[in-house]
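Participant: Here is a sequence with its predicted model. Questions after.
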Amino acid sequence: MTLAFEINDPVGAGDLFVFYGLLKQGAAGMPDHIDLDAGGEFLRDVSLRGDLYDLGGYPGIIDGDGLVKGILYRLDNAALAVPLDEFEDVVPGENDASLYLRVKREVCDHNGQPTGETAWVYWYNQPIDGHQKIANGNWPLDAGNRQKERRHP
């Protein structure tokens, strides 16, 4: 699906996100300085088309045919987009240097059927060489340790 959104476009109140890793509700490694409960609402479990990789303490989704499990979140406080981007190592204006890119993707149900919604997703933006694909597409809540090592191209 082609979407008419640019990478890292501005985020507005009411925008949807899909969190699939350390930002999932209850995940180990969730940042203490970002109050997602106060800044919006976790809505429901959803899926995304793509392949999920274990990058060593955190996951990353890339283009693929699999289904990645996540949670749909409505962001009510658009100011939270800045610390979210920082947490995901999005470097404004420097896509090549960014660990992740914030992109819009089609939201799917658990069977991979589109729900008609689009949401921001932090899409992994570096090589996955040597990393293990997560076959079931689900990052466990207790798996995060938030020790990201930036992987520059």
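Facilitator: Happy to help now that I have it.
Participant: what helices or strands is the helix or strand harbouring Gly70 leaning on?
Facilitator: With elements taken from DSSP states H and E, the one containing Gly70 is strand 59-75. The helices and strands touching strand 59-75, judged by 3 or more Cβ pairs under 8 Å, 6 or more residues apart in numbering; DSSP states H and E, are strand 16-19, strand 40-54, strand 100-108, strand 114-124. Placement of C-beta: from N, CA and C, glycine included.
Participant: Go again with 10 Å.
Facilitator: Packed against strand 59-75 by the contact rule (3 or more Cβ pairs under 10 Å, 6 or more residues apart in numbering; DSSP states H and E) you find strand 16-19, helix 36-39, strand 40-54, strand 100-108, strand 114-124, strand 132-133.
Participant: Packed most tightly, which of the ones you listed would that be?
Facilitator: Comparing the helices and strands packed on strand 59-75 by mean neighbour count (mean count of other Cβ atoms under 10 Å), strand 16-19 comes out on top with a mean of 24.
Participant: helices and strands around that strand, which ones?
Facilitator: Other elements packing on strand 16-19 under the criterion 3+ Cβ pairs under 10 Å, 6+ apart are strand 40-54, strand 59-75, helix 81-87, strand 100-108, strand 114-124.
Participant: now Asp89: how far from Ser98?
Facilitator: Relative to Ser98, Asp89 is positioned 6 Å away (Cβ to Cβ, to the nearest Å).
Participant: hmm, what's the outermost residue in the chain?
Facilitator: Residue farthest from the centre of the chain, counting by Cα atoms, centre = their mean, is Gly130 at 20.8 Å.
Participant: remind me which residues of the protein are low pLDDT?
Facilitator: For the chain, applying pLDDT under 70 flags the ranges 1-6, 144-153.
Participant: what number of residues lie near the closest residue to Ala81 other than its chain neighbours?
Facilitator: Distances taken as Cβ to Cβ, 6 or more residues apart in numbering place Val11 nearest to Ala81, at 3.7 Å, with adjacent residues excluded. Per other Cβ atoms under 10 Å, the neighbour tally for Val11 reads 18.
Participant: what's near enough to touch Val11?
Facilitator: Contacts of Val11 were listed using Cβ atoms under 10 Å, 6 or more residues apart in numbering, and they are 17, 75, 78-82, 84-85, 102, 120.
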